[in-house]
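Novice: Below are the sequence and a predicted model for it; my questions follow.
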Amino acid sequence: MKRLYVVISMVMVMGLVLGACATPTPETIIQTVEVEKVVKETQVVKETQVVKETQVVKQTQVVEVTPTSAPGAQLPRNETLYFNGLQWGAVVCWNPYSTSCNNAMAIGAGDSSRVTMFETPYLYDMLDGKQYPLLADGPYAWNDAHTEITFKIKAAAKWSDGTPVTVDDVAYTWASYIKYKTNAGTNYKDYIDSITAVDAQTVLIKAKLGADGKAVNPLLVSSYLSGAYVIQKAWTQTLEARAGGDATKFLADTAEDVVWSGPYHKFFTDDTKVILIRDDNYWGKDASMWGKLPVPKYLTHAIYKDNAAGSVALAQGEVDVSQQFNSNIQVLWLSYGLPISTYLPDAPYGIGASLPTAFYNLKSYGLDQLAVRKAIAIAVDYPTIIANAMTNQSATFDQVPRSLMNPTPGEQALYDHAAVKDLQWAGNDIEGAKKLLDDAGIKDTNGDGWRELNGQDLHYVATCPNGWSDWQAAIEVVAAAGKKIGIDITTNYPEWAVYQTVVTKSDAPLPAGYDIFMMWSDSAGPTQPWGRIRHLLSSEFVGVANNWNGNWGQYSNPAVDALIKAIPGETDPAKVKADYTELVKIYLTDVPSFTLMYRPQLFHAVNESVWTGFPHQGDGTNPPVPPLVLTDGWSIAGLYNLTLVNP
């Protein structure tokens, strides 16, 4: 192995211990070596990062530094892109069939799937609404009846073991999704009839048909192409043999031996960090795809305690790409002059695409009463949530009145605003909330300050994951609204590792402590806003054991289900708009949940101390690279555009 000889002067500082990726001085690397005195010393090498440890040693010596880092060791700063805000807690597994891996850097199938390690046939670009080929070769095609899709697999596409990605891999992946009842299988089984090989390079997807002979849901059939991974058939068969045909074991397998097709794979992980390393044999360097490798050799995600710690790391240049809520992000460049920026230069700084939502547990005492649900919802001080919790990184509900749509012009045009105006609320309506409760006979009859329903006080716990500071601040505002109208709402913040397992278990009643709880909604995607509405309101998710889809409060309304079923097959724009308007009316009338803010699909703040060339509005990229932290959908194209500030 080639070695680099560096002459250095070693300086050690007593008592100062900073983590592996911490540094107050950009462009320095730390190495810990043993000298003849058997003293561990920390070197400051002009190249990348920071500091650790004791004494002052004045001495010059030659040190051998290998250019490739061992797992867990300090990484070369000029080869490493650091992230935060994606990974919370230690990685559990590397199984692309599982939804329980807690492996945010590698696994995340969806409208804009995370494609660092596992890949989809197509990549969705939220900025132009198009799907671009990845594993696929060229655009996909519908038949004339709009019941079948065909596409080809790129001849250059390879697995990490060097074997080709084949149409058999695509077909076997689908069969496994169905057989083992994975999340993808649950999502698409009612809409895709079969996925088979036509020939050595061509895949055929047949839609499930309704009684009229038309595809039940063409939107979901096409979204599968960018929303579900292709997984190697041979490795899947190895996994099946290991699981002995047991679906639970199949999904719980840690998959340390998994085969991948993407540009990065596991290098190191513990409870402090996750490191992916570039696969320099990645097939995507072929001229039929990117024509080169992504620029960073390492993608590293330090696991921070909370948003506050992550924000400090961003400001200090220890994080290059931040997908977390950074309070008052604009202060970092306006007041401190730091080389930090967001996709949009001014508020709201990102593209509002999702609707973080407070769900009601409809089985909690009193929350089956519309008056209680609506009273809490209209009493909430949303301007405070947006100004304080979101530090204006959201449009207000005066600017974009609440509905089921995100603030983008395309979605806002899909419903009749005038028809629902009387149902919309902007918040802080304390007197209106009190009247609703009084009219329903829900009053404080014993003088203890809390309203009762049939003699029982209304006490609720509002919750969200610990450390998610913007969500926690929003939940505190919800609790404060309850107290203003005589409903006792306290707060509790479990760790995400616990929270996710509780909220997504929809085949059993939610436990105590989950009366009002926050979850996300769909962002931008090929099926939106239909997909978001389905996930917020469809009764198909009631009773699902592993429910990562939505309707976590277990709302059920046949009229809603009928509209959700009808929209994908509608071809008349006026009818589509009328159906969406009716869904908005029902949602704002029944209030099974309520939107607390508008939020970017992913927060996307970057520090350009080390790397530059990140996506921003008007950057001239074509197709446009969306602000999805260079990992999701077409945003991964951003990894090929980066350059070093100081090469």
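Specialist: On my side now, so go ahead. Numbering: from 1, shown residues only.

Novice: which other helices and strands contact the longest helix seen in the chain?
Specialist: In terms of residue count, the longest helix belonging to the chain (DSSP state H) is helix 573-590. Contacts defined by 3 or more C-beta pairs under 8 Å, 6 or more residues apart in numbering; DSSP states H and E place helix 573-590 against helix 417-420, helix 530-537, helix 558-566. For every residue, glycine as well, the C-beta is placed using N, CA and C.

Novice: Of these, which is nearest Glu495?
Specialist: Smallest distance to Glu495 across the helices and strands packed on helix 573-590 (C-beta to C-beta): 24.1 Å, for helix 530-537.

Novice: Out of the helices and strands packed on helix 573-590, the one nearest Pro296 is which?
Specialist: helix 530-537 (31.9 Å).

Novice: distance between that closest one and the chain's centre?
Specialist: 17 Å (C-alpha atoms, centre = their mean, to the nearest Å).

Novice: for stretch 638-647, same thing?
Specialist: 24 Å.

Novice: can you list contacts of that stretch?
Specialist: 27, 78, 81, 263, 290, 292, 294-296, 608-615, 621, 625, 630 (C-beta atoms under 8 Å, 6 or more residues apart in numbering).

Novice: Okay, Lys585 and Pro573: tell me how far apart.
Specialist: 19 Å (C-beta to C-beta, to the nearest Å).

Novice: who's more crowded, those two?
Specialist: Lys585 (17 against 10; other C-beta atoms under 10 Å).

Novice: quick one: the closest residue in space to that one that isn't next to it in sequence from Leu588, how far?
Specialist: Nearest residue to Lys585 in three dimensions, chain neighbours excluded: Val420, at 5.6 Å (C-beta to C-beta, 6 or more residues apart in numbering). Counting by C-beta to C-beta, the separation of Val420 from Leu588 is 6 Å.

Novice: Now for those two: what residues contact both?
Specialist: The contact lists of Val420 and Leu588 share Ser403, where a contact means C-beta under 8 Å, 6+ apart.

Novice: residue boundaries of the strands in the stretch 1-150 of the chain?
Specialist: 4-9, 16-17, 29-34, 40-45, 52-53, 60-65, 80-84, 122-125, 130-133, 136-142, 148-153 (DSSP state E, counting those that start in this stretch).

Novice: tell me the mean pLDDT for the second one?
Specialist: Here strand 16-17 scores 23 as its mean pLDDT.

Novice: worst average pLDDT in the strands of the stretch 1-150 of the chain?
Specialist: strand 16-17 (a mean of 23).

Novice: from the contacts of stretch 638-647, which would you call buried?
Specialist: Buried members of these, counted by 16 or more other C-beta atoms under 10 Å: 27, 78, 81, 263, 290, 294-296, 609-611, 613-615, 621, 625, 630.

Novice: gap between the residue most central in space within the chain and Gly317?
Specialist: The C-alpha lying nearest the average C-alpha coordinate of the chain belongs to Leu602 (C-alpha atoms, centre = their mean; 6.6 Å). Distance, Leu602 to Gly317, by C-beta to C-beta: 21 Å.

Novice: can you check Trp235 too?
Specialist: Distance from Trp235 to Gly317, by C-beta to C-beta: 39 Å.

Novice: Can you give the domain ranges for this protein?
Specialist: 4-67, 122-252, 352-371+390-439+464-477+495-600 (automatic domain parsing).

Novice: Quick check: which of those is nearest to Ala90?
Specialist: domain 352-371+390-439+464-477+495-600 (8.4 Å).

Novice: Averaging pLDDT per element, find the lowest-scoring helix or strand in the protein.
Specialist: Lowest by mean pLDDT, DSSP states H and E among the helices and strands of the chain is strand 16-17, with a mean of 23.

Novice: Let's have the domains of the chain in CSV, adding distance to Leu276.
Specialist: Listed next are the domains of the chain as CSV, based on distance: least, C-beta to C-beta, whole Å:
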stretch, distance to Leu276
domain 4-67, 14
domain 122-252, 13
domain 352-371+390-439+464-477+495-600, 21
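
Novice: These: which one's closest to Ala309?
Specialist: domain 352-371+390-439+464-477+495-600 (8.8 Å).

Novice: Off-centre distance for the closest one?
Specialist: 17 Å.

Novice: Show the average pLDDT along it.
Specialist: Mean predicted confidence for domain 352-371+390-439+464-477+495-600 is 95.

Novice: where exactly do the strands run in the stretch 401-550 of the chain?
Specialist: Counting by DSSP E, counting those that start in this stretch, the strands of the stretch 401-550 of the chain are 452-453, 456-457, 459-463, 488-492, 516-519.

Novice: actually the stretch 151-300 of the chain, not the one I typed
Specialist: According to DSSP E, counting those that start in this stretch, the strands that the stretch 151-300 of the chain contains are 192-197, 202-207, 264-269, 273-278, 298-302.

Novice: so who does the nearest residue to Pro465 once chain neighbours are set aside touch?
Specialist: Sequence neighbours aside, Trp496 is the residue nearest to Pro465 in space, at 4.1 Å (criterion: C-beta to C-beta, 6+ apart). The contact partners of Trp496, by C-beta under 8 Å, 6+ apart, come to 88-89, 465-468.

Novice: Thanks a lot, see you next time.
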